[in-house]
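Colleague: Whatever this is, show me its structure:
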Amino acid sequence: MEIHRDVPRRLPTTPAGYRMAMNGRELLAGRYELRGILGRGGMAEVRDGWDTRLNRAVAIKLLNSALNAQPDVRRRFEHEARAAAALSHPNIVAVHDYGEHDGRPFIVMERLPGHTLADQIARGPLDSARVRAVLHDVLSALTAAHAAGVLHRDLKPANILASANGGAMKVADFGIAKTAGTSQTATGQIVGTMGYLSPERVAGAPGSVADDLYAVGVMGYEALTGRPAFPQDNPAALARAIMDMPPPPLAATRPDVELSLANVVDGAMARDPRQRFPDAEHMRAALTGGFRPATKVLADPLAASATFLAPSASYFVPTPPHRRLSRRTRTVLMAVAALIVLTVTALAVALDSSSQRAPQPISTSSTTTPTPSSSSAPSTTATSIDEQPPQKPEKRGNGNGKKKKGSD
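Modeller: Residues are numbered from 1 along each chain as shown. Next up is the predicted model:
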């Protein structure tokens, strides 16, 4: 049974073509009550609204009247609604409805408190735990968007909204998003917010996953330092800084930041897109220390200076540095080395002292018997005289040649 009917056309209308609700407020499409303005942008304005059919607060994005007559802008606006509506994720602002009223397009979205990441940064640098949580939520949203073939292409703190409970963050404004098979920009046209564009985007390259991840790194850098990574005001100077003058690493500007978080942010902002994370899921895993580059067993070992190409990914992973040994391991190795040195030294000293000891003389003379000669006496210099022990005198008989009796 139909319980709602459109407001009759005989109700008074505003100059903009909106019918009036019974309480005097503008009623959009006979259903959405328009209230105060939440924000304005170059393409649209966001109004506070109320869904009179479902009795809930909503946010209504209306295309600016000055752009209503431009077909490409209207097409981009409609594309935003379709791209965001196709993404159902707790970290993406939900789209409830899309339509036109008196020829003016509008998008109806879930109503959030209105606080953005930009508002939080304006109060000062965020701590590591908060930034880690924010980036985790943003990367969760990008994982779902990229899996659906949608690139955001305009990530910045103003497009990251706080949820109703103030904890989780949600990605909004897919106005210049790019989906598979579609393009919302003309050839050579650069869209997005300059301070968050990657060097390749500034150079005119088409958008890619690496561009969104670069913007996430820039947001993380700004959240941790409390100031933009590229503070230049002049567009030409800003573009030159993005191309040639990367900001100092976080370790130099915020030495108190956790090293793992600083490495993720610095890695996402690498000038070479091949040195960034391959996708949002890997970058999100790196926030919790779960990311490890893929490895492959090779038949022949690579050279020490080789560069590893991760399988199924078009990015380079530099040769990992040698792992630093622990203090205990270094102490044990030093003790073993000292013992080896002492042992070798002792052996060397022992061998040296034995080589310096005088050798025992070996006599080559032999005792010879001289030839008898009447004119010379025998030489006694090389002749040894052996002293014979005295012999006992033999017993002689009694002198008569007879034996004594009893001697037989």
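Colleague: Please make it C-alpha for all contacts and neighbour counts, starting now.
Modeller: Fine.
Colleague: Which helix or which strand is home to V46?
Modeller: In this assignment (DSSP states H and E), V46 forms part of strand 44-51.
Colleague: Name every strand pairing with the next helix or strand along the chain from that strand and say which way it goes.
Modeller: Going down the chain from strand 44-51, the next helix or strand is strand 56-63, by DSSP H and E. Paired strands of strand 56-63, with direction, are strand 44-51 (antiparallel), strand 104-110 (antiparallel) (DSSP bridges).
Colleague: Whatever helix or strand comes next after strand 56-63: which residues count as buried?
Modeller: Counting by DSSP H and E, the next helix or strand C-terminal to strand 56-63 is helix 71-85. Going by neighbour count (16 or more other Cα atoms under 10 Å), the buried part of helix 71-85 is 73-74, 76-85.
Colleague: Between strand 104-110 and helix 71-85, find me the angle.
Modeller: Relative orientation of helix 71-85 versus strand 104-110 (axes from the mean of the first three to the mean of the last three Cα atoms, to 10 degrees): 20 degrees.
Colleague: buried set for the following helix or strand past helix 71-85?
Modeller: Next in sequence after helix 71-85, counting helices and strands by DSSP H and E, comes strand 95-101. Under the neighbour-count criterion of 16+ other Cα under 10 Å, strand 95-101 has 95, 98 buried.
Colleague: Check which helices and strands strand 95-101 is in contact with.
Modeller: If you count contacts as 3 or more Cα pairs under 8 Å, 6 or more residues apart in numbering; DSSP states H and E, strand 95-101 packs onto helix 71-85, strand 104-110.
Colleague: on that earlier part again, now distance to R31, mean neighbour count and mean pLDDT too, for the strands paired with strand 56-63, in CSV please.
Modeller: CSV is the format used below for the strands paired with strand 56-63 (distance: least, Cα to Cα, whole Å; neighbours: other Cα atoms under 10 Å; pLDDT from 0 to 100):
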stretch, distance to R31, mean neighbour count, mean pLDDT
strand 44-51, 6, 21, 92
strand 104-110, 11, 21, 92
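Colleague: how about the strand holding V46 as CSV, C-alpha atoms only?
Modeller: C-alpha atoms of strand 44-51 as CSV (Å, rounded to 0.1, in the frame of the first residue of the first chain):
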residue,chain,number,x,y,z
ALA,A,44,28.4,21.5,-5.5
GLU,A,45,27.1,22.5,-2.1
VAL,A,46,26.1,20.1,0.7
ARG,A,47,22.9,20.8,2.7
ASP,A,48,21.6,19.4,5.9
GLY,A,49,18.4,17.5,5.2
TRP,A,50,15.6,15.4,6.5
ASP,A,51,14.1,12.4,4.9
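Colleague: residues in contact with that strand?
Modeller: The set of residues external to strand 44-51 that reach it, using Cα atoms under 8 Å, 6 or more residues apart in numbering, is 31-40, 56-64, 111.
Colleague: what's the answer for stretch 138-154, then?
Modeller: The contact list for stretch 138-154 (Cα under 8 Å, 6+ apart) reads 83, 87, 89-92, 160, 169-171, 173-174, 176-180, 191-193, 196, 207-209, 211-212, 216, 279-281, 283-284.
Colleague: Can you select the buried ones among the residues you listed for me in PyMOL?
Modeller: Burial among those is assessed by 16+ other Cα under 10 Å; the matching PyMOL selection reads:
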select buried, resi 83+87+89+91+92+160+169+170+171+173+174+176+177+178+179+191+192+196+207+208+209+211+212+216+279+280+281+283+284
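Colleague: Just the ones in helices from the contacts of stretch 138-154, please.
Modeller: Of these, the ones assigned to helices by DSSP state H are 83, 209, 211-212, 216, 280-281, 283-284.
Colleague: Throw the residues you listed into TSV and include pLDDT, thanks.
Modeller: Compiled in TSV, these are given as follows (pLDDT from 0 to 100):
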residue	pLDDT
A83	81
V209	93
D211	93
D212	95
V216	97
A280	96
E281	95
M283	96
R284	95
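Colleague: Export the residues you listed as a markdown table, with columns for distance to V265.
Modeller: Listed next are these as a markdown table, based on distance: Cα to Cα, whole Å:
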| residue | distance to V265 |
| --- | --- |
| A83 | 27 |
| V209 | 16 |
| D211 | 14 |
| D212 | 13 |
| V216 | 8 |
| A280 | 13 |
| E281 | 15 |
| M283 | 9 |
| R284 | 11 |
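Colleague: and which of the residues you listed is nearest M243?
Modeller: M243 lies nearest to D211 out of the ones in helices among the contacts of stretch 138-154, by Cα to Cα, at 13.7 Å.
Colleague: ok, the closest one - contacts?
Modeller: The contact partners of D211, taken as Cα under 8 Å, 6+ apart, are 153, 197-198, 201.
Colleague: did I read that right, A158 in a strand?
Modeller: No - assessed with DSSP: H, G, I helix; E, B strand; the rest coil, A158 is helix; it does not lie in a strand.
Colleague: start to end distance for stretch 36-47?
Modeller: With Cα to Cα, to the nearest Å as the measure, stretch 36-47 spans 6 Å from end to end.
Colleague: mind showing which ranges of the chain have poor pLDDT?
Modeller: The chain contains residues with pLDDT under 70 at 1-24, 175-191, 290-325, 352-408.
Colleague: Looking at it, which helix is longest?
Modeller: Per DSSP H, the chain has its longest helix at helix 327-356.
Colleague: List the buried residues in that one.
Modeller: Within helix 327-356, no residue is scored as buried using 16+ other Cα under 10 Å.
Colleague: Then stretch 117-125?
Modeller: Residues of stretch 117-125 classed as buried by neighbour count (16+ other Cα under 10 Å): 117-118, 121, 125.
Colleague: and these, which of them are in strands?
Modeller: Among the buried residues of stretch 117-125, the subset assigned to strands under DSSP state E is empty.
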